[in-house]
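Trainee: The following block contains a protein sequence and its predicted model.
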Amino acid sequence: MTSNIVEIDNLSFGYKGRLLHKNINMVFPRGKVVAIMGGSGSGKTTLLRLIGGQIKPTKGQVRIGDKVVHEQDRDGIYQLRRTMGMLFQHGALFTDLSVYDNVAFPMRELTDLPESMIRDLVLMKLNAVGLRGAHQLMPAELSGGMARRVALARAVALDPNIIMYDEPFAGLDPISMGVICDLIRSLNDALGATSIIVSHDVKETFLIADYVYFVADGEVAAEGTPHDLMQSTLPFVHQFVHGEKDGPVPFHYPALNYQDELLKRT
């Protein structure tokens, strides 16, 4: 039995003839936290959508266990998704449901558990993220960090084998960021799950990731442990990791020579 719960094999994907990904290969082992990093617009979130079966690859495949995702019918996709949890950007809580009902939602929709057992499980998940006492609050009453923690409790409500995080640190203050970092790592280890983090926050991601893939120009530009990538001399990786303005990723969008354009007459 393979130790990789998710495998991306020679995958290419594009919209209307424009390739966004070209021959991507990645593996996500059981029990590990693996990050996909890269600049804005590099297709990181699209890879999560391919894993979840929302879109189909142009070439290649995504495998979860022994199943090829894009070959599954509707029922097969739903079965695969039952093994996944998803933390969306900015939480994406249901604004008209309380904290309690947000976490209970997947349990009520996807299981036949009695309400008494759902109550115990909801309070257990909220306790794990430190918000059991906030279960009666509405999303509008939560801070950004609290909302992200509730969304995390909902993402792990059904004890998934795969947990996907789309920019989990975006917009958080330093304290909330530290809390979310610790929760991602501790929940992954407690559940024995595989966590896939899409992020461009280097410091926080490198603290908790076991392995990192850097995506640039539609390809895996580099990969390795956080320690290895911190020492990398590859220009793109060095620029990204150290937040340098000058490097392979230009500051200016391609344009005509500035002087020529100023002097240009229409």
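Mentor: Perfect, thanks for sending it. Numbers count the residues shown, from 1 in each chain.
Trainee: following the helix or strand hosting R148, which helix or strand shows up next?
Mentor: Assigned by DSSP states H and E, R148 falls within helix 144-155. Note on helix 144-155: by DSSP H and E, the next helix or strand toward the C-terminus is strand 162-166.
Trainee: before we move on, back to that, report the angle between the helix holding R148 and strand 162-166.
Mentor: Calculated by axes from the mean of the first three to the mean of the last three CA atoms, to 10 degrees, helix 144-155 forms an angle of 150 degrees with strand 162-166.
Trainee: And for helix 144-155, what's in contact with it?
Mentor: Outside helix 144-155, the residues that touch it by CB atoms under 8 Å, 6 or more residues apart in numbering are 85-88, 90-93, 99, 102-103, 105-106, 125-126, 128-131, 134, 139, 142, 163, 168, 171-173, 175-177, 179-180, 183-184, 187. Yep, even glycine has a C-beta here, placed from its N, CA and C like the rest.
Trainee: shaky segments in the stretch 101-250 of the chain?
Mentor: Of all residues in the stretch 101-250 of the chain, those with pLDDT under 70 make up the ranges 235, 238, 242-250.
Trainee: As a check, name the ranges of all helices in it.
Mentor: 115-128, 144-155, 174-191, 202-208, 226-230, 235-242 (DSSP state H, counting those that start in this stretch).
Trainee: List the contacts of G53.
Mentor: So G53 contacts 69-70, 72, 77, 80-81 (CB under 8 Å, 6+ apart).
Trainee: For the residues you listed, pick the one with the most neighbours.
Mentor: Neighbour tally across the contacts of G53 (other CB atoms under 10 Å): the maximum, 23 neighbours, falls on V69.
Trainee: how close does the closest residue to L93 other than its chain neighbours get to D96?
Mentor: Here the nearest residue to L93 in space, its sequence neighbours aside, is P139; by CB to CB, 6 or more residues apart in numbering that works out to 4.4 Å. Using CB to CB, to the nearest Å, one obtains 9 Å as the distance from P139 to D96.
Trainee: between these two, who's got more neighbours?
Mentor: Counting neighbours by other CB under 10 Å for P139 and for D96 shows that P139 has the greater number, 19 against 10.
Trainee: if I look at that one, how far off is V103?
Mentor: According to CB to CB, P139 and V103 sit 12 Å apart.
Trainee: Any idea how many residues pack against the nearest residue to E223 once chain neighbours are set aside?
Mentor: The shortest distance from E223 to any non-neighbouring residue, by CB to CB, 6+ apart, is to Y213 (4.8 Å). Y213 has 25 neighbours, counted by other CB under 10 Å.
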